[in-house]
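In: Below is the sequence, then the predicted model.
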2 protein chains.
Amino acid sequence: MDWIIRVDTRTGNVRKERATSEELGWGGRLLVAKVLLREVPPTCEPLGRHNKLLFACGLLADAPITTTGQLSVGGKSPLTGGVKESNVGGFAGKRLARLGVRALILEDSPKLPSCRTLYVSTGKVELVDAPELRRLWVGDTFKALRTRYGKAAGLIAIGPAGEMLMYGAGVAVSDDEDVQVRYAARGGLGALMGSKGIKAVVIDDSGAEPPAFADRELLMRGARALVDGLMSDPKTENRHMYGTPAILDLANRSGLLPTRNFSSGSFEHADSINGEYVRKSIAKRGGEGRSGTGCVAGCAIRCSNVWPDRTGRKIVASVQYENIALLGSNCGIGDMDRIAEMNDLCNQVGVDAIETGAAIAVAMEAGVIGFGDSEGAKGLIRQIGEGTYLGRILGNGVVVTGRLLGVRRVPAVKGQAIPGYDPRALKGNGVTYVTSPMGADHTAGNAFETLNTIKPTGREKQVESSRMLQVRAAMLDSLGLCLFTRPPIRKNPKMLLDMLKGRYGRGYTIGDARRIGEDCLDTEREFNKRAGVDERLRPMPEFMQEEALPPTGAVFDIPMEEMTGVWDVKLSEDDI
Amino acid sequence: MDWIIRVDTRTGNVRKERATSEELGWGGRLLVAKVLLREVPPTCEPLGRHNKLLFACGLLADAPITTTGQLSVGGKSPLTGGVKESNVGGFAGKRLARLGVRALILEDSPKLPSCRTLYVSTGKVELVDAPELRRLWVGDTFKALRTRYGKAAGLIAIGPAGEMLMYGAGVAVSDDEDVQVRYAARGGLGALMGSKGIKAVVIDDSGAEPPAFADRELLMRGARALVDGLMSDPKTENRHMYGTPAILDLANRSGLLPTRNFSSGSFEHADSINGEYVRKSIAKRGGEGRSGTGCVAGCAIRCSNVWPDRTGRKIVASVQYENIALLGSNCGIGDMDRIAEMNDLCNQVGVDAIETGAAIAVAMEAGVIGFGDSEGAKGLIRQIGEGTYLGRILGNGVVVTGRLLGVRRVPAVKGQAIPGYDPRALKGNGVTYVTSPMGADHTAGNAFETLNTIKPTGREKQVESSRMLQVRAAMLDSLGLCLFTRPPIRKNPKMLLDMLKGRYGRGYTIGDARRIGEDCLDTEREFNKRAGVDERLRPMPEFMQEEALPPTGAVFDIPMEEMTGVWDVKLSEDDI
């Protein structure tokens, strides 16, 4: 148990080593940060021989705790040039944890371009030539892998975009029914996987020994408390019913919904892309459509869904707020079927839907196609998969798209597209985008939950709030828990301490648990500083600071000196 | 006299102010660095409202001293993200100096895309709408400007590449006969000019008062000594006869000539692109062909030429070593007529031939066209001018080309293409590429002159040598003198002190003169540090460090810690 497996993608050599006691204190995102800082030269070429791609399990990943199937994928990001951890549901994470693997680390890169599968099981870990998978779409890749490796395998793959080393490429993970495609979407980790010549990773956990816990009873007590806490939180019911699109109406009313390349914060067709519409349409259409499905086994929240077409046939699973915002309103598209088709195409060619939606909107501003042209947009995503020159431009993200098409309004921080919260109308997220080592990433500390307690267009308390949100996100990402477990854990942190003590035998205090998040951020920040992507060097785009956003008229006006104060915010010892 | 003129490209406002006594101590490259550090936020968007484009005259620019027509063009580089000064011959610089203008500074940027001419004369400075020039090739632009402004105007323009904000775009300057097109080619300053909505600058010095010198006789004594020194230097005769291609044979024999995307240091067709071939062919073909022409009025070296086709009609002026190396051998092309045609196309669409040659070779490695395919290459350069998607990729430089075409062997430092000296076989240049604030730039400190005194593939003395070369280059770039004046000035520095005292009345010591260069480098370095493009963050490409270069088998192996020692090298007080 508790292995660290290293695969040399040049020689094919595999090393399987026991995690040290220090390494056992790291999980998920923290483990990614620690290994990168220890082993990867911060100024190395992200797609060169010296970068490493990690698949890391959270500290609680092997325990029967709800939502802990989250898998951290990490490396030096091609897109941001800094540390990147992107975590993802699906069924591969849990299987890797069951194999007792804390981290699977892909090292070096093949001498010649190659297309291989990495097979990981109890008995063996090996690279298998898989030329038949070359340039396959993600769905077809999973199909081919399923035929060969059967139902009991966890599948991870990249699409043609990753193979073509596009900086907007993500890493896809299937569920066991191959209904959903989940994505470690952000930061271009699909290109990093492509640079290692690995098209897919197959995790076969059959025959794995059951994990040994220090105190199973205590662990289960904590696990039950978490489920109970989630069940008594009204947000859980809301997420279960409406999915993440639940927030779209409020985002629109708050004037922070990205619309037509971030030129407005509200969209006139919000009614036809909001949570209510999604829920009702799925219910009405029936067939393969589903609301309230889970992205990992045993999830108590189940905020995912399956979006069907009018005949009931699945278009994509799952439709989520971010993708609706970036592919929909931000492209001036108010038709859920078309958005779902675009989302599916992103999933198939293997690119981050946020980055790609932002890039398409910039191309729309450049006049490549018009705002609202969903058929044109679908054609552009297909071009990404085909690797046409325009497709390569778009597939490499919003910054390069703006640069090559001569558009100066480029919504990105640290080279990465801004997600579904315009930082002018939700300034806490602006602070997170600028100061988080991840760049513009809502999951790194999302201030949307402070909408009613902190004035979103004001400067007050945004820095303090972002700090707490970032620490909490980093902690949960390191534990392997979904970010949506925040409310019950905050309310009753003891459940978390029980889970950790039950798993490891070691008594964590609330401060110890919080320090997992703090340590993670400090480590990431140090890597970024050495890599030259310190936040001071990568400010908010100028148009966000100078162009008033309708309807609030807000501009982003928190000075850099104030934002970097995020690192000096002192959190109280018993807060988490 | 000694004016600083600021043009607000948003409002059209013009401010003309006397240079302060401090500013009078700055010229050319030093003036660019000082103004950038003082006025431009280092992390600003290079094509946004806060960057500034400078045209700056050297300290000796208004004096009748040979080679002093060099004009410094500067700003924060879109390509490198750091400070950029690129200097250029042609006849505009001298005319600007005659107007008593130390610096012409373009500020802010227009609200809407615009195409204007900036007209500068004794009586007025104004922005003139010029929609008729939109997307014109550089030659046609000069023709149209000449018709309107007559023979006595100095002309500066960008091509379609600059208008389309391509990072590989340069700034072109004509001579009075419109035979040569000279380029401030490097760093993407053409895109910066395009972002200001300025297609052309017209310098009309008719009616300008003759400059007042503190001691004309002393000045002329220094000026004559410089000419005498040049005339007695055998290198001058060599340059006059063969032009800069004179060095190609030695570069090839030394195994440092970029060949087929830097995969070799020697080229089997060197004989048909070397200085001897260039000279003989021009002589044989006659017609408009010329050897030994000057790029500025009154040059004593006259290393330029006019390359004619077989019928004697000009293809391009001038063909130079760097362009032959990058468009020729580095693309596997050994036919001078085709290279000249490619060079002309670069000049016409308005891109740096070094950056573009490097980008085309990377596209060849990606298989877009084959190595040696000159017709294909010409088509690619035309595509840059047309703004096709592939053209936009190439026109934005070698780094983006490598990224978008999935090529990992990308010859660039600080985002800028490596010029005609492979740093593995001429390690002094490698030190310059990495440590110079300019990025990969041979004019920032070219170790080619040390070929016989320092082992080019060895590590010894390269850092010390690069330091001296960089200081000297920065000094000359600030004085407005051509780099080829180095040998006589080094031999007899007093001529320089005479010129400075004759011009300004102030007594400079050798140390004072050298400190112009040191101050320049320190100022640039500080700007870059604040901009996040410190040399430690932008190392030599990994393939240069890992892939042995035939035929020498050299790799670039000077460690970063050793290279950054360049800043600690102490120069003796009487060296220059």
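Out: Yes, it's here. Here the structure is a predicted model, which is why all the values come from computation and not from measurement. Numbering: from 1, shown residues only, chains lettered A, B, ... in the order given.
In: Angles on the backbone of whatever residue of the stretch 51-200 of chain A ends up closest to chain B, please.
Out: Closest residue of the stretch 51-200 of chain A to chain B, CB to the nearest CB: residue A:165 (4.5 Å). Just so you know, the C-beta spots here come from the backbone N, C-alpha and C atoms, and that holds for glycine as well. Residue A:165 adopts backbone torsions of phi 60, psi 30, taken as degrees, to the nearest 10.
In: Just to check, it is in contact with residue A:189?
Out: No. Counting by CB atoms under 8 Å, residue A:165 sits too far from residue A:189 to count as a contact (11.7 Å).
In: Looking at the two, which one has more neighbours?
Out: The residue with more neighbours, out of residue A:165 and residue A:189, is residue A:189; 33 against 28, by other CB atoms under 10 Å in any protein chain shown.
In: Can you list the helices and strands that the helix or strand containing the more buried one packs against?
Out: Secondary structure assigned from DSSP states H and E places residue A:189 in helix A:189-195. When contacts are defined as 3 or more CB pairs under 8 Å, 6 or more residues apart in numbering or on different chains; DSSP states H and E, helix A:189-195 packs onto strand A:53-57, strand A:71-76, helix A:160-163, strand A:171-174.
In: The helix ranked longest in chain A and chain B in contact?
Out: Longest helix of chain A, by residue count under DSSP state H: helix A:510-531. Yes. Counting by CB under 8 Å from any CB of the partner chain, chain B has neighbours in helix A:510-531: residue A:531.
In: Distance from that helix to the middle of the chain?
Out: In terms of CA atoms, centre = their mean, to the nearest Å, the gap separating the centre of helix A:510-531 from the centre of its chain is 18 Å.
In: same check, this time on stretch A:208-228
Out: Relative to its chain's centre, stretch A:208-228 lies at 26 Å (CA atoms, centre = their mean).
In: as a whole number, average confidence for it?
Out: Throughout stretch A:208-228, pLDDT has a mean value of 96.
In: Give me the residues contacting that stretch.
Out: For stretch A:208-228, contacts defined as CB atoms under 8 Å, 6 or more residues apart in numbering or on different chains pick out A:1, A:62-66, A:97-100, A:122, A:300, A:485, A:488-489, A:492, A:494-506.
In: Would you mind listing the buried residues in it?
Out: Judged by neighbour count (16 or more other CB atoms under 10 Å in any protein chain shown), stretch A:208-228 contains these buried residues: A:208, A:211, A:213, A:218, A:219, A:220, A:221, A:222, A:223, A:225, A:226, A:227.
In: cool, stretch A:77-88 as well?
Out: A:77, A:78, A:79, A:80, A:81, A:82, A:83, A:84, A:85, A:86, A:87, A:88.
In: thinking again about what came up before, mind exporting the next helix or strand after the longest helix of chain A as PDB, just the C-alpha atoms?
Out: Using DSSP H and E, the next helix or strand after helix A:510-531 towards the C-terminus is helix A:542-546. Below are the C-alpha coordinates for helix A:542-546, written out as PDB (Å, rounded to 0.1, in the frame of the first residue of the first chain):
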ATOM      1  CA  GLU A 542      -6.100  45.900 -18.600                       C
ATOM      2  CA  PHE A 543      -9.600  45.900 -20.100                       C
ATOM      3  CA  MET A 544     -10.900  44.500 -16.900                       C
ATOM      4  CA  GLN A 545      -9.400  47.400 -15.100                       C
ATOM      5  CA  GLU A 546     -10.500  50.100 -17.600                       C
END
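In: Not counting its own residues, what contacts helix A:542-546?
Out: A:262, A:408-411, A:422-424, A:430, A:555-557, B:44-45, B:48-50.
In: what do you get if the cut-off is 10 Å, keeping everything else the same?
Out: A:261-263, A:408-411, A:413, A:418, A:422-424, A:430, A:433, A:539, A:549, A:554-559, B:41, B:44-45, B:48-50 (CB atoms under 10 Å, 6 or more residues apart in numbering or on different chains).
In: Among these, name the ones in helices.
Out: Of the positions in the contacts of helix A:542-546, A:430, A:433 sit in helices, assigned by DSSP H.
In: Helix, strand, or coil at the residue lying closest to residue A:502 once chain neighbours are set aside?
Out: Distances taken as CB to CB, 6 or more residues apart in numbering or on different chains place residue A:219 nearest to residue A:502, at 2.7 Å, with adjacent residues excluded. Following DSSP: H, G, I helix; E, B strand; the rest coil, residue A:219 is assigned to helix.
In: count of residues packed around residue A:45?
Out: The tally of other residues near residue A:45 (other CB under 10 Å) stands at 18.
In: who's in contact with it?
Out: By CB under 10 Å, 6+ apart, the contact set of residue A:45 is A:51, A:76, A:78, A:195, B:408, B:410, B:539, B:541, B:542, B:543.
In: Could you export the residues you listed to CSV, including columns for distance to residue A:289 and pLDDT?
Out: Formatted as CSV, the contacts of residue A:45 follow (distance: CB to CB, whole Å; pLDDT from 0 to 100):
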residue, distance to residue A:289, pLDDT
A:51, 41, 98
A:76, 40, 98
A:78, 36, 98
A:195, 38, 98
B:408, 44, 95
B:410, 47, 98
B:539, 52, 95
B:541, 51, 98
B:542, 49, 98
B:543, 51, 98
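In: ChimeraX command to pick out the buried ones of those?
Out: Burial among the contacts of residue A:45 is assessed by 16+ other CB under 10 Å; the matching ChimeraX selection reads:
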select /A:51,76,78,195 /B:408,410,539,541,542,543
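In: Which of the contacts of residue A:45 sits closest to residue B:288?
Out: residue B:410 (37.7 Å; CB to CB).
In: Disregarding residues adjacent in the polypeptide, which is nearest to that closest one?
Out: Nearest residue to residue B:410, sequence neighbours excluded (CB to CB, 6+ apart): residue B:402, at 3.6 Å.
In: Please identify which helix or strand holds that neighbour.
Out: Using DSSP H and E, residue B:402 falls in helix B:398-405.
In: Could you export the helices and strands packed on helix A:189-195 to a markdown table, including columns for distance to residue B:8?
Out: Below are these laid out as a markdown table (distance: least, CB to CB, whole Å):
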| stretch | distance to residue B:8 |
| --- | --- |
| strand A:53-57 | 49 |
| strand A:71-76 | 42 |
| helix A:160-163 | 43 |
| strand A:171-174 | 48 |
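In: Quick one: closest of the ones you listed to residue B:277.
Out: helix A:160-163 (44.0 Å).
In: helices or strands next to that closest one in the packing?
Out: Contacts defined by 3 or more CB pairs under 10 Å, 6 or more residues apart in numbering or on different chains; DSSP states H and E place helix A:160-163 against helix A:138-149, helix A:189-195, strand A:198-204, helix A:336-349, helix A:374-386, helix A:389-395.
In: Just confirm the residue nearest to residue B:410 contacts residue B:415, I think it does.
Out: No. The criterion here is CB atoms under 10 Å, and residue B:402 misses it with residue B:415 at 11.1 Å.
In: okay, now the closest residue to residue A:425 other than its chain neighbours: neighbour count?
Out: Excluding the flanking residues, the one nearest residue A:425 by CB to CB, 6+ apart is residue A:256, at 3.7 Å. A count of nearby residues for residue A:256, using other CB under 10 Å, gives 28.
In: Look at residue A:256 and report its pLDDT.
Out: So, for residue A:256, pLDDT stands at 98.
In: for residue A:477, same thing?
Out: 98.
In: Can you tell me the element it falls in?
Out: Under the assignment here (DSSP H and E), residue A:477 is part of helix A:462-479.
In: Determine the set of other helices and strands touching that helix.
Out: Partner elements for helix A:462-479 (3+ CB pairs under 10 Å, 6+ apart): helix A:28-39, strand A:83-88, helix A:427-435, helix A:486-491, helix A:494-504, helix A:510-531, helix A:560-563.
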